[in-house]
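A.B. asks: predicted model and sequence follow; I will ask about them next.
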Amino acid sequence: MQIDEIHDKQGLWIEELDIGKITINGQQYVEPVCITATEVISLDKNTAEELTIEDFTQAIEEKPEVILIGTGSKHVFIHPRLTVQLVEKNIGVESMNTAAACRTFMVLRSEGRNVWAWLWPLTAES
């Protein structure tokens, strides 16, 4: 999936999403990542279901408006307790497949919104 060009190129932008890789500002990532406006952080989780509140410590400190969780090729719900813990800190959280999360991230970033995304690469579906 090619992402449409954004003319305001400040910060980090998702350029392409393909099976097994995510391209951010010309750099390809084959592992799960967290992307902010200015930083790409490698994740040590195999799936979104493994996430705990501790994985969001830096985000909680920086208070993004919303956290997007791209769960790979298929949408997977994160644990409701995690959603509650983030909402209690006034941070919205949405899980969706990674393609939808990438599109949503780009739209929100183009509006100048403070958004973070945890993204798992797509896998080949059988």
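C.D. replies: The structure has been received and is ready for your questions.
A.B. asks: surely residue 26 and residue 14 touch.
C.D. replies: No. Using CB atoms under 8 Å, residue 26 is not in contact with residue 14, being 11.3 Å away. Glycine gets a C-beta too; all of them are placed from N, C-alpha and C.
A.B. asks: what about those two, which has more around it?
C.D. replies: residue 14 (25 against 8; other CB atoms under 10 Å).
A.B. asks: tell me the spacing between the nearest residue to the more buried one once chain neighbours are set aside and residue 15.
C.D. replies: Using CB to CB, 6 or more residues apart in numbering and skipping residues adjacent in sequence, the residue nearest residue 14 is residue 102, 4.8 Å away. The spacing between residue 102 and residue 15, counted by CB to CB, to the nearest Å, is 10 Å.
A.B. asks: which of those two has more neighbours?
C.D. replies: Comparing residue 102 with residue 15 by other CB under 10 Å, the one with more neighbours is residue 102, at 25 against 19.
A.B. asks: for that one, give me phi and psi.
C.D. replies: Main-chain dihedrals, residue 102, degrees, to the nearest 10: phi -60, psi -50.
A.B. asks: when you give positions from now on, start the count at 14
C.D. replies: Shifting the count to begin at 14 puts that one at residue 115.
A.B. asks: can you check the pLDDT for it?
C.D. replies: Looking at residue 115, its pLDDT reads 97.
A.B. asks: and residue 137, by the same measure?
C.D. replies: Reported pLDDT at residue 137 in the predicted model: 84.
A.B. asks: tell me the contacts of it?
C.D. replies: For residue 137, the contact set (CB atoms under 8 Å, 6 or more residues apart in numbering) comprises 32, 33.
A.B. asks: can we see that at 7 Å?
C.D. replies: residue 32 (CB atoms under 7 Å, 6 or more residues apart in numbering).
A.B. asks: for it, give me the backbone phi and psi.
C.D. replies: Main-chain dihedrals, residue 137, degrees, to the nearest 10: phi -70, psi 130.
A.B. asks: tell me how far residue 39 lies from residue 122.
C.D. replies: Per CB to CB, residue 39 is found 16 Å from residue 122.
A.B. asks: how about residue 69?
C.D. replies: For residue 69, the distance to residue 122 (CB to CB) stands at 19 Å.
A.B. asks: I am finished for the moment; much appreciated.
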